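Chemist: sequence first, then the predicted structure:
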Number of protein chains: 2
Amino acid sequence: MSTPARDIISEVGTSKAAARIRLAAIDIFAAKGYGASTTREIAARLGLSAGGVYPHYKTKESLLFAISLEGHDAALAAITTADQPGAQPADRLASTITAYVKWHAHNHALARVVQYELRSLSPEHFRAIAAIRRATSGVFENIIEAGESAGSFRTIDTEAATLAITSLAIDVSRWFPSNTYADPEVLAKRYAELALRIVGSTN
Amino acid sequence: MSTPARDIISEVGTSKAAARIRLAAIDIFAAKGYGASTTREIAARLGLSAGGVYPHYKTKESLLFAISLEGHDAALAAITTADQPGAQPADRLASTITAYVKWHAHNHALARVVQYELRSLSPEHFRAIAAIRRATSGVFENIIEAGESAGSFRTIDTEAATLAITSLAIDVSRWFPSNTYADPEVLAKRYAELALRIVGSTN
């Protein structure tokens, strides 16, 4: 997979130790918020000394960036894997939104960090993540446009439909699980049905 | 207006000084996150000494609760004011979702605080806010049920439709404004159209 962020992939630790640090950081950032968390706490969670994170991530921000890059890449990969460009637009939309909702439900702690802590990234890192976000919206937008061209979708406004569909899935990470919806499969099925209504699918 | 939180209204400062403190706190909480903010910073923003917040709010959490209570009450008031119980369900849904989206767009900093920082409330305070949230969802759910009974809505699942419609509006506070949507009126109009599709309005 190639994204505009690849040129700074070298900033993302690829070792097992770095991966353990990211997992601990996701837990702590999701529970307390990025701003209230310290690398010292993250190190302590892993039984490391206060300086134990430094060889892998020089700053807390570089750790947030690594998590954001990994998370956004994974969400994009989930929908590109689910997409079947040769299929009918309604089937394509259903399978991609199902994958996107399930990703946000299964990975709700990670998703909260990568969706709600963007303001804390450096401008350069923010631009790299913004490019992946545009690519993600682009997958849905292309499917919606394909459905419009084929006459199988009757959208009111392509941009609003794309925004609403991605927004619904992202917001899952805020509240999931709830008393009513605790099964990602059930929720994803319902939201796929609603996404087809949003685009005015005639199937 | 009466909500289940009224019995603890006494914890919410009603003076002008308390209102100024809440406004400064909303700015700081929205920018940095609640966990990373201090009452010292909030006081400094207003030119007060470190202890200047204490006479009004004994703890940072009581300040968050006051903001959450005020914000949730205001959002609920916006939709109950917009609702016209004697009107057609489609008109009722359009006017309430329009008001709810506009509230989240106009008050996006406040909305981010009250929607995303709930985890930091004490259990008692959380329960008070949860009651207002249930009342808010209840307004939409009642309208959707009225539409179903009248045969003017064909929902797939009332709970999923209620969740999706409220979720769309809440998520506005995460991203608003964007390059494409910076006018609350334009966004609210589009989302009202999409909400009618979500419930399968036959009008």
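Modeler: Yep, that arrived. Numbering: from 1, shown residues only, chains lettered A, B, ... in the order given.
Chemist: do the longest helix seen in chain A and chain B meet?
Modeler: Assignment by DSSP state H gives helix A:123-149 as the longest helix of chain A. No - contact of helix A:123-149 with chain B (C-beta under 8 Å from any C-beta of the partner chain) is absent, the minimum separation being 10.1 Å. For the C-beta atoms, the positions are set from N, CA and C on the backbone; glycine is no exception.
Chemist: touching chain B at all, stretch A:80-93?
Modeler: No - interface with chain B: stretch A:80-93 contributes nothing (C-beta under 8 Å from any C-beta), its closest point being 13.8 Å away.
Chemist: do the same with stretch A:21-36
Modeler: Yes - contact of stretch A:21-36 with chain B (C-beta under 8 Å from any C-beta) involves A:A31, A:K32, A:G33, A:Y34, A:G35, A:A36.
Chemist: got the phi and psi for A:R174?
Modeler: phi -70, psi -40 (degrees, to the nearest 10).
Chemist: how near is the nearest residue to A:G51 once chain neighbours are set aside to chain B?
Modeler: Once flanking residues are discounted, A:G51 sits nearest to A:A43: 7.5 Å by C-beta to C-beta, 6 or more residues apart in numbering or on different chains. From A:A43 across to chain B, the span is 18 Å (C-beta to the nearest C-beta, to the nearest Å).
Chemist: and A:P89, what does it touch?
Modeler: Contact analysis of A:P89 by C-beta atoms under 8 Å, 6 or more residues apart in numbering or on different chains lists A:I143, A:I144, A:A146, A:G147, A:A150, A:S152, A:F153, A:S201.
Chemist: correct me if wrong: the last one contacts A:G151.
Modeler: What it means is A:S201. No - in this structure, A:S201 is not within contact of A:G151 by C-beta atoms under 8 Å, at 10.9 Å.
Chemist: which one's more surrounded, the two?
Modeler: Between A:S201 and A:G151, A:S201 has the larger neighbour count (other C-beta atoms under 10 Å in any protein chain shown), namely 19 against 9.
Chemist: three-state assignment of the residue nearest to the more buried one when sequence neighbours are not counted?
Modeler: Sequence neighbours aside, A:A90 is the residue nearest to A:S201 in space, at 4.8 Å (criterion: C-beta to C-beta, 6+ apart). Put simply, A:A90 is helix when judged by DSSP: H, G, I helix; E, B strand; the rest coil.
Chemist: report how many residues lie close to A:A90.
Modeler: Neighbour tally, A:A90, other C-beta under 10 Å: 20.
Chemist: just give me the neighbour total for A:I165.
Modeler: By the measure other C-beta under 10 Å, the count of residues near A:I165 is 29.
Chemist: isn't it right next to A:A195, touching?
Modeler: Yes - using C-beta under 8 Å, A:I165 is in contact with A:A195, at 4.9 Å.
Chemist: which residues do those two both contact?
Modeler: A:L93, A:I97.
Chemist: give me the residues contacting stretch A:74-81.
Modeler: Residues outside stretch A:74-81 that contact it (C-beta under 8 Å, 6+ apart): A:1, A:3, A:96, A:99-100, A:102-104, A:107, A:111, A:114, A:132, A:135-136, A:139-140.
Chemist: got the buried residues for that stretch?
Modeler: A:A75, A:L76, A:A78, A:I79 (16 or more other C-beta atoms under 10 Å in any protein chain shown).
Chemist: ramachandran angles for the first one?
Modeler: So the one you mean is A:A75. phi -70, psi -40.
Chemist: next one: the third one
Modeler: Listed backbone geometry of A:A78 is phi -60, psi -40, with angles given as degrees, to the nearest 10.
Chemist: likewise A:V186?
Modeler: The phi/psi pair for A:V186 (degrees, to the nearest 10) is phi -70, psi -50.
Chemist: show me what contacts it?
Modeler: A:V186 neighbours (C-beta under 8 Å, 6+ apart): none.
Chemist: again, only this time at 10 Å
Modeler: Counting by C-beta atoms under 10 Å, 6 or more residues apart in numbering or on different chains, A:V186 touches A:A105, A:T180, B:D157, B:A160.
Chemist: how far does whichever strand or helix holds the last one sit from the chain's center?
Modeler: When elements are defined using DSSP states H and E, B:A160 is found to belong to helix B:158-175. Centroid separation between helix B:158-175 and its chain, computed with C-alpha atoms, centre = their mean, to the nearest Å, is 11 Å.
Chemist: buried subset of the contacts of A:V186, written for ChimeraX?
Modeler: Only the buried entries of the contacts of A:V186 go into this ChimeraX selection, using 16+ other C-beta under 10 Å:
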select /A:105 /B:160
